[in-house]
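Asker: have a look; sequence and predicted model below, questions after that.
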Amino acid sequence: MMIDIFNSKNNEDEKVVKNNTQEELKIEPSPTFIPTPEATITPTPTPIPTSTPEPPSIGGKAMAYLSSLYNIKPINLKLFKYERKQWPSSAMGCPEPGKYYAQAETSGWALHFIERNNKEYLVHTDENGTNIIECKKNLPENTINIVKILDLSKTEEITLKRLKEGKYFELETLKDENKISPIIQFLDIDVIGSKNTREECEFLMELEFITKNSTQKIKFICTDGSNFMKISHKNLQEEIFGIPIQLVNHLGKYASQVPFPGIPEKPNSN
């Protein structure tokens, strides 16, 4: 029996030794090596230079125009700067005061000439040089743009009023953009201001231009038929301005029950 106990103990010791040996021989797996990828260098694209437009062939026409207009010898003029343009109307950026222009995009050129005495001239032309304008000639110092001064481009509503028995009564309120837009376009020109010496002028029509932030008033057409208008700007209270005849005719349909002076009545169909 003692021998069995001894053998049993030896067997237990062998198991412990074997287990310890296996633990000592356990090898942890080596971590997998993941190589770091090389950074990719994106080449910087070479900028493409902006091409300068070729000098327009209509430069000669513009030079001849200036020569004739100011009696300058062409040899004394030099084209020193030119730029291709896309204007929003047929006025080509140089509207004549009081004149309405078709609101159609017009491509062309702005040409800068210099005379030998260093005097500069700015000429605008259409693409083919059919129409040529010398800008300063068309822009006297006392012109203003009513749409810009009163910020009428943001108009949301226009109330038209007509004078009757000394008071202005409402004819119509325009909220449709298709009805507002033509009135704004007719006013979006440079007009000539002059000192108001017409104290006898009583205006037949008043327009209120309503925006989110303000209301601006413009009075139109004297009772004697003169095409003048007066605006409610604080710095221009003492001035009156010429009114585009296109606007007079356009507004006439809203006041047809009381014909405007100076506008022919429709012929009697009978």
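Answerer: Done, it's in.

Asker: how much space between residue 73 and residue 134?
Answerer: Counting by CB to CB, to the nearest Å, the gap from residue 73 to residue 134 is 17 Å. In this view, the C-beta of every residue, glycine as well, is placed from N, C-alpha and C.

Asker: and stretch 84-91, how far apart are its ends?
Answerer: 15 Å (CA to CA, to the nearest Å).

Asker: tell me the buried residues in it?
Answerer: Under the neighbour-count criterion of 16 or more other CB atoms under 10 Å, stretch 84-91 has 85, 87, 89, 91 buried.

Asker: packing partners for the helix or strand containing residue 208?
Answerer: According to DSSP states H and E, residue 208 maps onto strand 203-210. Counting by 3 or more CB pairs under 8 Å, 6 or more residues apart in numbering; DSSP states H and E, the packing neighbours recorded for strand 203-210 are strand 157-164, strand 215-222.

Asker: between whichever helix or strand comes after the first one and strand 203-210, how many degrees?
Answerer: If I follow you right, that is strand 157-164. Moving toward the C-terminus from strand 157-164, the next helix or strand (DSSP H and E) is strand 167-174. With axes from the mean of the first three to the mean of the last three CA atoms, to 10 degrees defining the directions, strand 167-174 sits at 40 degrees from strand 203-210.

Asker: and residue 111, what does it touch?
Answerer: Going by CB atoms under 8 Å, 6 or more residues apart in numbering, residue 111 touches 56, 59, 62, 79, 81-82, 122-125.

Asker: follow-up on the earlier one: can you tell me which of the helices and strands packed on strand 203-210 is most buried?
Answerer: Of all the helices and strands packed on strand 203-210, strand 215-222 has the most neighbours on average by mean count of other CB atoms under 10 Å, namely a mean of 20.

Asker: next secondary structure element downstream of that strand?
Answerer: Defined by DSSP H and E, the subsequent element after strand 215-222 is strand 228-231.

Asker: could you list the buried residues of the next helix or strand along the chain from that next one?
Answerer: Downstream of strand 228-231, the first helix or strand assigned by DSSP H and E is strand 239-242. Neighbour counts using 16+ other CB under 10 Å place 239-242 of strand 239-242 among the buried residues.

Asker: pull the contacting residues for residue 123.
Answerer: Counting by CB under 8 Å, 6+ apart, residue 123 touches 62, 65-66, 110-113, 132-135.

Asker: and what of residue 161?
Answerer: 168-171, 205-208.
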